[in-house]
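Visitor: sequence-free structure coming up:
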């Protein structure tokens, strides 16, 4: 019992960070619930398709290079006391990617509007650039180990968002405008940037190549993550109506809110774990993977089982009786969420040890498999088909990652123990 108490006491910052992230996710879930209840099922389906397109734009516009600030910025901060080289390296990378995406949106604006069913291409362009600023600030605060500030940034945007959708009447177009305005509000967090961390233009060729190589592999993997997260919606959109898109996405949004909390673990521990491996601190690595990981995993399994047991009253209470068909879909996806809470530890290993290529290859392969299985299973099992496909592909990813990473982690610890004698 004392060990448990000591463990909790020594991890107060982690729990504070986690509670704020939970608060952020609860706010995101609350806004989604309010939107689902206020829009018709068909309009929510249209909004879901708009999100599919927005996430495609943001994924290839900037998200693929965002992790470079966290992983390389924290490393640079540790060695040189600033993140200037990483900051400007990413600026160069993102400059070209944003130009390409912007031109693409303008050229295919009519096709985008026709696919969504609304004339909103210009709003999507504004959404992209607001998201870039928010992402920069979020990754900066994570890189300099101000995780609490990073969490508050997200909470601020979501509180304003919820306040506006409660106070104002909205349709799908107005809802997108409200989102843009609320998330643009976080720009004032730029006042918290330390000028010592980011100075004038600095170009280090070798550092730039490292960041670019890391980011390009992230692009490869982010394409896979996008297909995994939104391939289901695209398949349902192709084979069924906007109403079925709304029903499926209601379950998926709730699943994603729960599953995404696993990345809190990654965000919090990434900079510390990177330092452990770089400094050959095998004791800290052993403590994290063989002690802390076990506590976190047991807690997550218990929480998932409770949610599954109460899924029907949860969904009907939150969304209303018209979404009762989402219960079975949601329960299937919860199995996938449990898998994510195991896999996230292997993601940490890949990214902190320069093995990101392996992770991204896995992401793209399982995403392709997921889309293929979704197409097959939607014909066999209806709306439950894509959910079954998601669980199977996540399980395949876990099996390979466990086989590879556990051996590497064990080898690192054994080599550290042998060298200490």
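Guide: Arrived safely, thanks for sending. A quick note: this is a predicted structure, and the numbers were derived from the prediction, not measured. Numbering: from 1, shown residues only.
Visitor: drop to CA atoms for contacts and neighbour counts, all remaining ones
Guide: Fine.
Visitor: I figured residue 257 hits residue 30, correct?
Guide: No: using Cα atoms under 8 Å, residue 257 and residue 30 do not qualify as a contacting pair, with a distance of 10.3 Å.
Visitor: neighbour count winner among the two?
Guide: Set residue 257 next to residue 30 and count neighbours by other Cα atoms under 10 Å: residue 257 wins out with 18 against 15.
Visitor: quick one: residues contacting that one.
Guide: Going by Cα atoms under 8 Å, 6 or more residues apart in numbering, residue 257 touches 25, 26, 28, 29.
Visitor: so the spatially closest residue to the third one that is not a sequence neighbour is in which element?
Guide: Among residues not flanking residue 28 along the chain, residue 158 sits closest, at 6.5 Å (Cα to Cα, 6 or more residues apart in numbering). Taking DSSP states H and E as the definition, residue 158 sits inside helix 147-167.
Visitor: what is that helix packed up against?
Guide: In this structure, helix 147-167 makes packing contacts with helix 12-38, helix 121-143, helix 172-184, judged by 3 or more Cα pairs under 8 Å, 6 or more residues apart in numbering; DSSP states H and E.
Visitor: what angle do that helix and helix 12-38 make?
Guide: Relative orientation of helix 147-167 and helix 12-38, computed by axes from the mean of the first three to the mean of the last three Cα atoms, to 10 degrees: 20 degrees.
Visitor: could you tell me the angle between helix 147-167 and helix 172-184?
Guide: Angle between the axes of helix 147-167 and helix 172-184 is 150 degrees (criterion: the same axes, to 10 degrees).
Visitor: may I see the buried residues of helix 147-167?
Guide: By 16 or more other Cα atoms under 10 Å, the buried positions in helix 147-167 come out as 147-162, 164-165.
Visitor: repeat that for stretch 398-410.
Guide: Neighbour-count burial for stretch 398-410, with 16+ other Cα under 10 Å as criterion, is recorded at 398, 401, 405, 409.
Visitor: closest one to residue 364 among the helices and strands packed on helix 147-167?
Guide: Evaluated with Cα to Cα, those place helix 121-143 nearest to residue 364, the distance being 22.9 Å.
Visitor: contacts for the closest one, please.
Guide: Around helix 121-143, the neighbours that count as contacts under Cα under 8 Å, 6+ apart are 54, 57-58, 61-63, 66-67, 69-71, 73-74, 77, 102, 105-106, 109-110, 112-113, 147, 149-151, 153, 176-177, 180, 183-184, 186-187, 189-190, 267-268, 271.
Visitor: which among those end up buried?
Guide: So, by 16+ other Cα under 10 Å, the buried ones in the contacts of helix 121-143 are 54, 57-58, 61-63, 66-67, 69-71, 73-74, 77, 102, 105, 109, 112-113, 147, 149-151, 153, 176-177, 180, 183-184, 186, 189, 267-268, 271.
Visitor: now, those residues that are in strands?
Guide: Using DSSP state E, the subset of those located in strands is empty.
Visitor: model confidence for the residue nearest the centre of the chain, exactly?
Guide: The residue lying closest to the centre of the chain (Cα atoms, centre = their mean) is residue 260, at 5.9 Å. According to the prediction, residue 260 has pLDDT 80.
Visitor: list the contacts of it.
Guide: By Cα under 8 Å, 6+ apart, the contact list for residue 260 is empty.
Visitor: before we move on, what about residue 276?
Guide: Residue 276 sits next to 282, 284, 285 when contact means Cα under 8 Å, 6+ apart.
Visitor: returning to what we had before: contact partners of the helix holding residue 158?
Guide: 16-17, 20-21, 23-24, 27-28, 30-31, 137-139, 141-142, 175, 178-179, 182-186, 189, 268.
Visitor: now do stretch 381-392
Guide: For stretch 381-392, contacts defined as Cα under 8 Å, 6+ apart pick out 228, 232, 236, 244, 248, 328-329, 332-333, 335-336, 370-371, 373-379.
Visitor: what about 7 Å?
Guide: By Cα atoms under 7 Å, 6 or more residues apart in numbering, the surrounding residues in contact with stretch 381-392 are 232, 248, 329, 332, 333, 335, 336, 370, 373, 374, 377, 378.
Visitor: identify the farthest-apart pair in the residues you listed.
Guide: 335 and 378 (18.3 Å).
Visitor: coming back round to it: of all the helices and strands packed on helix 147-167, which lies closest to residue 213?
Guide: Each of the helices and strands packed on helix 147-167 has some distance to residue 213 by Cα to Cα; the shortest is helix 121-143, at 18.5 Å.
Visitor: could you give me the buried positions within the closest one?
Guide: 121, 124-125, 127-132, 134-143.
Visitor: now it, how far from the chain's geometric center?
Guide: 14 Å (Cα atoms, centre = their mean, to the nearest Å).
Visitor: cool, stretch 52-71 as well?
Guide: Relative to the centre of its chain, stretch 52-71 is centred 10 Å away, using Cα atoms, centre = their mean.
Visitor: what's the local residue count around residue 114?
Guide: By other Cα under 10 Å, the residues close to residue 114 number 11.
Visitor: and residue 206, how far from residue 89?
Guide: Using Cα to Cα, to the nearest Å, residue 206 is found at 10 Å from residue 89.
Visitor: neighbour-wise, which of the two wins?
Guide: A side-by-side neighbour count of residue 206 and residue 89, using other Cα under 10 Å, places residue 89 first with 23 against 9.
Visitor: show me what the helix or strand that contains the more buried one is packed up against.
Guide: In this assignment (DSSP H and E), residue 89 forms part of helix 84-107. Applying 3 or more Cα pairs under 7 Å, 6 or more residues apart in numbering; DSSP states H and E, one finds that helix 84-107 contacts helix 64-80.
Visitor: between helix 84-107 and the helix it packs on, find me the angle.
Guide: Going by the same axes, to 10 degrees, helix 64-80 makes 170 degrees with helix 84-107.
Visitor: for helix 64-80, what is the distance to the chain centroid?
Guide: For helix 64-80, the separation from the chain centroid amounts to 18 Å (computed by Cα atoms, centre = their mean).
Visitor: which elements pack onto it?
Guide: Using 3+ Cα pairs under 7 Å, 6+ apart, helix 64-80 sits against helix 84-107, helix 121-143, helix 205-239.
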